[in-house]
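Asker: structure here, sequence nowhere to be found:
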């Protein structure tokens, strides 16, 4: 069925016919599973926007390039759908980003459903600026995939379906909702990633300041609460900072550093007695001190001293 104002629908029972008909980009199709081919295509072309709904019953290899002058967002057909694209596996909330001329290489499994959304580049850039999401432009230029949150992904799939079912008079509204939601979802995802990166940077700063405090006060008994008070951070954030940076708890890092200082002093030849060095760094329980030292260095303090 061909409706220039609404959805164009096509059904195929021959693989070669289907492959020749799909004109978006320059793609080559190869069938990788046995049996007769059945496929269908629903497509809406409205000015600078093309959305397509593909269904194929066989495993298919697709290779080629995207539509020149367009950016295509490769949206899996539903939340449980997945397929291999370039070096990634796309699924319900992971979207592929295909630029015109960029290599398209995918393997779709049997009973595949796909919903690519292609937007003309100038129109896309103008819309991004209108939405106040200009950071998307740089992101799109340097990334092949983006992960959006599942709530946004489910809404995106739902609105895509409403576009395919919409009356022609409401189609423009539905398409606009779809594209705006797509771009807002991308923007939110970028912001979330920036927030995550910022948390990582903040935790590195916390670790750096805590490490300096430990090193400057190595001859004192340092408690985790002392670090929290000095840095003005919670014990939870302090623990996260250490685990992120060195994979150790603050308490273990403090102990390891002090034991290294002990070892350095024992090897310096300045001290004659182990207990003198142990007390210098706040180790008053000699049995526990020796056990910790052996565990860390694989030898007892007495061997190091000799």
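Answerer: That came through fine. Treat the numbers as computed from the prediction; the structure is a model and nothing was measured.
Asker: quick one: residues in contact with stretch 165-185.
Answerer: 3, 5-6, 44, 46, 49, 51, 73, 117, 119, 127-128, 131, 133, 136, 148-149, 152-153, 155-156, 159-160, 162-163 (Cβ atoms under 8 Å, 6 or more residues apart in numbering). C-beta: built from backbone N, CA, C; applies to glycine.
Asker: among those residues, name the buried ones.
Answerer: 6, 44, 49, 51, 73, 117, 119, 127-128, 133, 136, 148, 152-153, 155-156, 159-160, 163 (16 or more other Cβ atoms under 10 Å).
Asker: now intersect those residues with the helices, please.
Answerer: Here DSSP state H is the test, and those give 127-128, 136, 152-153, 155-156, 159-160, 163 as lying in helices.
Asker: can you list the weak-confidence ranges in this protein?
Answerer: Residue ranges of the chain with pLDDT under 70: 1-6, 22-26, 193-201.
Asker: mind redoing it with 80?
Answerer: Along the chain, the model assigns pLDDT under 80 to residues 1-6, 15-16, 19-28, 191-204, 218-221, 245.
Asker: biggest helix in it, by residue count?
Answerer: In the chain, with assignment by DSSP H, the single longest helix is helix 168-216.
Asker: hmm, who's touching the helix or strand that comes right after that one?
Answerer: Per DSSP states H and E, the first helix or strand lying C-terminal to helix 168-216 is helix 224-231. Residues from elsewhere that reach helix 224-231 (Cβ under 8 Å, 6+ apart): 206, 209-210, 213-214, 234-235, 238, 250-251, 254.
Asker: and the residue at the greatest distance from the centre of the chain, its phi and psi?
Answerer: In the chain, residue 272 marks the outermost C-alpha relative to the chain mean, sitting 55.5 Å out by Cα atoms, centre = their mean. When read as degrees, to the nearest 10, the backbone of residue 272 gives phi -100, psi -30.
Asker: what comes up buried for the host helix or strand of residue 63?
Answerer: Assigning secondary structure by DSSP H and E places residue 63 in strand 60-65. By neighbour count with 16+ other Cβ under 10 Å, strand 60-65 contains the buried residues 60, 62, 65.
Asker: distance to residue 268 added to those residues, as TSV?
Answerer: Output for the buried residues of strand 60-65, formatted as TSV (distance: Cβ to Cβ, whole Å):
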residue	distance to residue 268
60	70
62	68
65	67
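Asker: between those residues, which sits nearest residue 85?
Answerer: residue 62 (9.0 Å; Cβ to Cβ).
Asker: partner residues bridging that closest one?
Answerer: Taking DSSP bridges as the rule, residue 62 bridges to residue 29, residue 106.
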